[in-house]
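J.: Next one to model:
(2 chains)
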Amino acid sequence: KAGVTQTPRYLIKTRGQQVTLSCSPISGHRSVSWYQQTPGQGLQFLFEYFSETQRNKGNFPGRFSGRQFSNSRSEMNVSTLELGDSALYLCASSLRLGQPQHFGDGTRLSIL
Amino acid sequence: AQTVTQSQPEMSVQEAETVTLSCTYDTSESDYYLFWYKQPPSRQMILVIRQEAYKQQNATENRFSVNFQKAAKSFSLKISDSQLGDAAMYFCAYRSADQGGSEKLVFGKGTKLTVNP
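T.: Sure thing, here's the model as predicted:
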């Protein structure tokens, strides 16, 4: 069974641009969560989706947004990129609420 | 808000020896889940072990076991017969078990484990 797939693996952008990251959960998984990982702040929760509905959002500015499609695939978007947005963005999926989450390999975003 | 603290930024162990990684957490909830995740240089977060707070019995997965002390809010990970492949960052994480609650994981800062041959 294929794991959680995140694309792209690496991305380089400049300040002010916007970016879209993609996450395909494990087949059958309906819950998707996103995390930002930086050396300074560690792992921080961004948002979670279940059946196309955002259920919870972390303490991030409105520049960070996301959505989930009917096939459970999810995208997150960051607009007006800042240097501090450089991070590893991890996506996790679970079969249903309350089940263990399985993570993808992440997208490494670098802002120049 | 819940917090998770890992007081050991780095640990090392000799191959085949045993090592214990510490984790403490703070919560006012009575029901929750605790996890240990492993993140090797390949970046993927891998679930090592899971503990449900209402279960008194400590979880075990092969060479990995936990010492869950609910009253002390402590959740340590013991790795027995350490192998070179165990070298990674280890993260302790908390999640509420409220029905209909969030899937949000609260992570500690991590412990970097080095395994010496």
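J.: May I see the buried residues of stretch A:24-32?
T.: By neighbour count on 16 or more other CB atoms under 10 Å in any protein chain shown, the buried set for stretch A:24-32 is A:24-26, A:29-32. Bear in mind the C-beta positions are built from the backbone N, C-alpha and C, glycine included.
J.: Ends of that stretch, what's the gap?
T.: Stretch A:24-32 has an end-to-end distance of 9 Å (CA to CA, to the nearest Å).
J.: before we move on, back to that, restrict the buried residues of stretch A:24-32 to contacts with chain B.
T.: Under the cut-off given by CB under 8 Å from any CB of the partner chain, chain B has A:Ser31 from the buried residues of stretch A:24-32 close to it.
J.: quick check, nearest of the buried residues of stretch A:24-32 to B:Tyr94?
T.: Ranked by distance to B:Tyr94 (CB to CB), the buried residues of stretch A:24-32 are led by A:Ser31 at 17.3 Å.
J.: A:Arg96 is in contact with the closest one, correct?
T.: Yes. Between A:Ser31 and A:Arg96 there is a contact at 6.5 Å, judged by CB atoms under 8 Å.
J.: Report the secondary structure state of the closest residue in space to B:Asn67 that isn't next to it in sequence.
T.: Excluding its sequence neighbours, the residue lying closest to B:Asn67 (CB to CB, 6 or more residues apart in numbering or on different chains) is B:Ser76, at 4.7 Å. Recorded secondary structure, B:Ser76: strand (DSSP: H, G, I helix; E, B strand; the rest coil).
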